[in-house]
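*Asks:* sequence plus predicted model, see below.
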Amino acid sequence: METTRRNELALGFLNTLALSAIVIAQPLYDVLAINPAFFIAHQTRPIDIVVMILVLSTLIPVCLVLLEVIAGLVGRSLWRLTHSAIVILLTAIFTLSLLSRWVPLPGVLLMGLACTTGACFSYLLWRIQGLRIWMAYLSIATLIFPLLFVLQGPIRAILFSEQNHLSLPEIASTAPVVVLILDEFPVSSLMDPNQGIDRIRYPNFARLADNSWWFRNTTTVSDNTVNGAVPAIVTGMYPDNPSIFRESSQSLFTLFGGSYGLNVYETYTHICPEELCPNQESLANRVTLLLSDLLIVYTHLTLPPDIRKNLPSIAHSWKNFSNQRLSKRELQEERSRRLDNLWESRSGWVDTFLSSIRDSAQPKIHFLHVLLPHLPWNYLPNGARYDLEAEGLYGVPGVSNQEFWGDDKWAVEQGYQRHLLQLGYVDLIIGRMIDRLNTVGLYDKALIVVTADHGVSFRANDARRPFTDSNMAAIMRVPLFIKAPGQGEGRISDRRVETVDILPTMAQMLQIKIPWKVDGVSAIDSEAKDRTHRVIYWQGPGSAPVRAEIPERVVKDRDDALQRKLALFGAGGSNDKLYLIGPNNHLIGQPVSSFVIAAADDSAPILSLKPVVGAKNGPWAVTGKLKRSLESVQTHNLAIAVDGTVCSVTRSYVNSSVDSVFVAFLGPICQYRKNSLIQVLHVSDSTGSPTGSRFILL
C-alpha cells in the first residue's frame, strides 16, 4: 500500500512538472525565440537569461510540486485535492490559449469551456493510469524545452556571444558631437506646401535648418528599430545580420571611444560595448523588469481578446509594459527609482540628457535615442500632457495588435493629428537642445546630427509601421539634419541619402577615417554617384532580414504622405486647420446660443469630464468618458464649447461594454482660462445649419 502511494505521488509530481513545462515555459520560449529584440531592449546579459530559464523551468514547477508535497504531508485527500486543482488550472490555461486564438466567443464563455476541459482532463488523469504514465514521460520537457530555447540562433548569440576585441582608433578631431535619434518620424510631418519646413508649427526645426545641412531626401533602410534602423545609423552598415550589432566593435561609439568621452543614452538598443557604456542597472533590477514584462506577455498569450484589451499593450513597445498603467504618483516614484521607463519618462530622458551636456577639456560625444514623436501620443506642443490611459483607453484607437489601421477614418485622422501635436513637443525639445548648447558654449563648434530611425503611416486599412507596398514611402522617408562644426548657413540637399550614410558623412566633416568597411557613403562627397535604388530590409518576427532594392521612381510615385497631410491639416497659421478637423467641423466657431438644444433623456450618455490640460499658452486638450445609460455603449459625435463658442469637435471611441472615451484639442480659435465654462454637446443629428441640428447638452 505504501509503495502504491509513493508511486501515485511520484506520478503526480511528474505530471505537474510536465504540465508546467508545456503550459507555462514553452509558450514564452516560443515567442521569445522569434523576438530577440525583447532581450536587446532590456539590455539583457547572459546571466539574466539563465535566471529567467531557472525561474520558468525550475522555480515555478518546483514551487508547484512543493505545494503538493506540503499538502501530502497533511494527508492524502488534501494532496489529491491540491494536485487536481493544479492540473485543472494548468489545463484550463492551455485550453484557453487555444480557444482564444480560434473560437470567436465571449471571454467568459471561453473561460468556462477551458475550466470544464481542465476538470475533464483531471478526471481522466485519475481514472487512466496509462495517461498518468504518459504524462510522466513528458516531464522530460522540463529539460528539453530550455535546451532547445538556448540553441536557437538569436538566443545562442546572446548567451555565447564572442567578446570582440575593441580596437579604438585615435582621432585628431576635437569638435564636440551631439547625436539625437528620434523615433517614428516621417519627414513629411515637418513640411509645408513648398517642401520646406513649416516654420509656424515647427520653428525650432527651422532654426536648426538655418545653419545645418538638411538632407530632405533621406530614407531609412529598415522599419525595425532594434534590429535594423538604429544600428544602420550608428554603424554605417546594412542590417544583413542583426546579431552582430549587439555591443558592436564597429560603431559610432568605438570610432570615438578611444579619444572622446561618451555620454550615451541608448534607451532601446544595446550597441555601445559594455566596456565603453557600462550598464548601471543591477542584476536584480534587470531580472525584475524582465520577469514583470514576461508575465504581461504571458497573459496576452493566454487570455481572450475581449479580456486582454484591458491589459497594458505589448504591441507598441518591447519593455516596461506595466508602467503604462501606473498612476501619476506611482510613476513619479518609479522615475525616482530608475530612469528606464521608456514610455512614461520620455520627457525625463530628454531632461537628463540635456542637463548632462557640458563643456569639458576632453571632447565628448553626446548621444540620445528617444521614443519621440513615437506613440503613445500624449504630449501637446507646449509640453503639457494629456492621458487617455487615465480613462482606461490603452493602445491606439483604430490600430490592431498587428499594427494595422482599420477602416475607422476618424481614428486614423485623429491619430495623425495627435502625432503632429506631439511633434510640436519634439520641436520644443530641439529648441531646448539648441539653447543648452549655446549656453554651455558648444553649439557653434559642435557637429550635430538630428535624424529618425523610420517613419510612420496614417492610412485606413493599411499598416501603421510595417512596410507595405502602399505605405513604404511614408515609412522610408525620415528627417536628417547635420550641422558641421562652425557652420553658419543652412543648406538643402536633395541627394538620395540613406541612413547608412550618416556615419560616413560625420567622418568626412570631422576628417576621420573609419577603420572598417561601411556600406554608406558621405552625403557631401561630390565624387560619389547618386543612388538609382533605395535599399530596405523587410523583417517579420523570427525571420531573417530580406533585402530589397526599390527603384527611386517607385519610391517617388508612392510618396503621397505630404499631400495627404496638407489635405487634412494644411500648414500652420493663425487659424490652424490642425485644430479644425472632426465630424461636423462646420460647427466650430459657432455660438452655442444659435443651437436648438434638446433636453437630455435616458438615452443620452452620462458625461465624466476630465480637467483641461493647460499651460500658459495653448493648445489644450480635453478628455472625457461617456458612460452607458439605458442603451448599449456606442461612439458619439461631440462638440466642445468654451465660454459659449464651439472650439472643437470629436468622436468618442468604444472603451468597454459600459463606456466610451474621447479627446478633443482646443486651438487658437478659443482662449481657455481657468474659470472658463466648458460645455460638451452630444451632436445626435447634424445638418449644415445649427438650428436644424439636434444637440444634447451633457
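*Replies:* Happy to help now that I have it. Numbers count the residues shown, from 1 in each chain.
*Asks:* C-alpha from now on. contacts and neighbour counts both.
*Replies:* Fine.
*Asks:* and the residue lying closest to residue 49 once chain neighbours are set aside, how far from residue 593?
*Replies:* The shortest distance from residue 49 to any non-neighbouring residue, by C-alpha to C-alpha, 6 or more residues apart in numbering, is to residue 159 (7.6 Å). According to C-alpha to C-alpha, to the nearest Å, residue 159 and residue 593 sit 69 Å apart.
*Asks:* who has more neighbours, these two?
*Replies:* Neighbours per residue, other C-alpha atoms under 10 Å: of residue 159 and residue 593, the larger number sits with residue 159, 18 against 11.
*Asks:* picking that back up, for the residue nearest to residue 49, which residues are in contact?
*Replies:* Neighbour list for residue 159: 45-46, 49, 150 [criterion: C-alpha atoms under 8 Å, 6 or more residues apart in numbering].
*Asks:* if we use 10 Å, what do you get?
*Replies:* Applying C-alpha atoms under 10 Å, 6 or more residues apart in numbering to residue 159 gives the contacts 44-50, 150-151, 153.
*Asks:* pLDDT at it, what is it?
*Replies:* We have a pLDDT of 77 for residue 159.
*Asks:* go on, residue 215?
*Replies:* Residue 215 carries a pLDDT value of 97.
*Asks:* for residue 683, same thing?
*Replies:* According to the model, residue 683 carries a pLDDT of 83.
*Asks:* relative to the whole chain's centre, how far out is the helix or strand containing it?
*Replies:* Using DSSP states H and E, residue 683 sits within strand 678-685. Distance of strand 678-685 from the chain centroid (C-alpha atoms, centre = their mean, to the nearest Å) equals 33 Å.
*Asks:* buried ones in it?
*Replies:* Within strand 678-685, the residues scored as buried using 16 or more other C-alpha atoms under 10 Å are 678-683.
*Asks:* give the partner strands of it in its sheet and their orientations.
*Replies:* As defined by DSSP bridges, the strand partners of strand 678-685 come to strand 637-642 (antiparallel), strand 694-697 (antiparallel).
*Asks:* among those, which gets the worst mean confidence?
*Replies:* Of all those, the minimum mean pLDDT falls on strand 694-697 (a mean of 64).
*Asks:* neighbours of residue 567, how many?
*Replies:* Residue 567, neighbours per other C-alpha under 10 Å, totals 11.
*Asks:* residue 251: how many residues sit nearby?
*Replies:* Counted by other C-alpha under 10 Å, the residues lying close to residue 251 total 25.
*Asks:* and the pLDDT at it?
*Replies:* Note on residue 251: pLDDT of 90.
*Asks:* what do you get for residue 207?
*Replies:* Listed pLDDT for residue 207 reads 97.
*Asks:* state the number of residues packed around it.
*Replies:* Neighbourhood size, residue 207 [other C-alpha under 10 Å]: 17.
*Asks:* helix or strand for it, which one?
*Replies:* helix 203-209.
*Asks:* residues in contact with that helix?
*Replies:* Outside helix 203-209, the residues touching it (C-alpha under 10 Å, 6+ apart) are 190, 196-200, 210, 212, 214-215, 424, 426-434, 448, 450, 480-483, 489-492.
*Asks:* can you give me the helices for the stretch 251-400 of the chain?
*Replies:* Using DSSP state H, counting those that start in this stretch, the helices of the stretch 251-400 of the chain run over residues 252-257, 283-302, 305-308, 328-337, 346-356.
*Asks:* please read the previous query as pertaining to the stretch 51-200 of the chain.
*Replies:* In the stretch 51-200 of the chain, the segments counted as helices under DSSP H, counting those that start in this stretch are 60-74, 76-102, 107-127, 129-137, 141-150, 153-159.
*Asks:* in the third one, what counts as buried?
*Replies:* Buried positions in helix 107-127, judged by neighbour count with 16+ other C-alpha under 10 Å: 107, 110-111, 113-119, 121-122, 125.
*Asks:* what's the weakest-modelled helix or strand in the chain?
*Replies:* Across the helices and strands of the chain, mean pLDDT, DSSP states H and E gives its lowest value to helix 328-337, namely a mean of 41.
*Asks:* now stretch 11-19, how far from the centre of its chain.
*Replies:* 39 Å.
*Asks:* same question for stretch 291-303.
*Replies:* On the basis of C-alpha atoms, centre = their mean, stretch 291-303 sits 17 Å off its chain's mean C-alpha point.
*Asks:* likewise stretch 96-107?
*Replies:* Stretch 96-107 sits 26 Å away from the centroid of its parent chain (C-alpha atoms, centre = their mean).
*Asks:* buried residues, that stretch. List them.
*Replies:* Under the neighbour-count criterion of 16+ other C-alpha under 10 Å, stretch 96-107 has 96-100, 107 buried.
*Asks:* domain parsing of the chain, as residue ranges.
*Replies:* By the assignment in automatic domain parsing, the chain contains the domains 2-159, 177-277+338-566, 573-697.
*Asks:* nearest to residue 303, of the ones you listed?
*Replies:* Comparison of the domains of the chain against residue 303 by C-alpha to C-alpha identifies domain 2-159 as nearest, at 6.3 Å.
*Asks:* where does residue 509 fall, secondary structure wise?
*Replies:* helix 502-510.
*Asks:* what is the neighbour count of residue 194?
*Replies:* The criterion is other C-alpha under 10 Å. On that basis, residue 194 has 7 neighbouring residues.
*Asks:* ugh, wrong one, I meant residue 271
*Replies:* Residues within reach of residue 271, counting by other C-alpha under 10 Å, total 26.
*Asks:* show me the contacts for the closest residue to residue 169 other than its chain neighbours.
*Replies:* In space, residue 169 comes closest to residue 258 once its chain neighbours are excluded; the distance is 5.7 Å by C-alpha to C-alpha, 6+ apart. Contacts for residue 258 were tallied using C-alpha under 10 Å, 6+ apart; they are 166-171, 276.
*Asks:* which of those are buried?
*Replies:* Buried among the contacts of residue 258 by 16+ other C-alpha under 10 Å: 166, 168-169, 171, 276.
*Asks:* mind listing what's buried in the longest strand along the chain?
*Replies:* In the chain, with assignment by DSSP state E, the single longest strand is strand 364-373. The neighbour-count check on strand 364-373 (16+ other C-alpha under 10 Å) flags 364-373 as buried.
*Asks:* am I right that residue 366 is in contact with residue 252?
*Replies:* No. Here residue 366 does not reach residue 252: they are 11.2 Å apart, not a contact under C-alpha atoms under 10 Å.
*Asks:* thinking again about what came up before, what mean pLDDT does the helix holding residue 509 get?
*Replies:* In this model, helix 502-510 has a mean pLDDT of 96.
*Asks:* contacts for that helix next, please.
*Replies:* The contact list for helix 502-510 (C-alpha under 10 Å, 6+ apart) reads 171-175, 177, 218, 232-237, 251-252, 255, 447-449, 451, 480-485, 511-514, 518-525.
*Asks:* would you map the helices across the stretch 501-650 of the chain?
*Replies:* 502-510, 552-557, 561-569.
*Asks:* and residue 80, how close does it get to residue 71?
*Replies:* According to C-alpha to C-alpha, residue 80 and residue 71 sit 8 Å apart.
*Asks:* in three-state terms, label residue 492 for me.
*Replies:* Classification of residue 492 by DSSP: H, G, I helix; E, B strand; the rest coil places it in strand.
*Asks:* right, and the domains of the chain - which one's nearest residue 284?
*Replies:* Among the domains of the chain, domain 2-159 comes nearest to residue 284, with 9.0 Å by C-alpha to C-alpha.
*Asks:* can you give me every residue that contacts the nearest residue to residue 197 once chain neighbours are set aside?
*Replies:* Nearest non-adjacent residue to residue 197, counting by C-alpha to C-alpha, 6+ apart: residue 191, 4.6 Å away. By C-alpha under 10 Å, 6+ apart, the residues touching residue 191 are 197-199, 201-202, 216, 562, 565-566, 571.
*Asks:* for residue 394, see how far away residue 387 is.
*Replies:* Distance from residue 387 to residue 394, by C-alpha to C-alpha: 10 Å.
*Asks:* same question for residue 684.
*Replies:* Residue 684 is 26 Å from residue 394, where distance means C-alpha to C-alpha.
*Asks:* do the same with residue 241
*Replies:* 34 Å.
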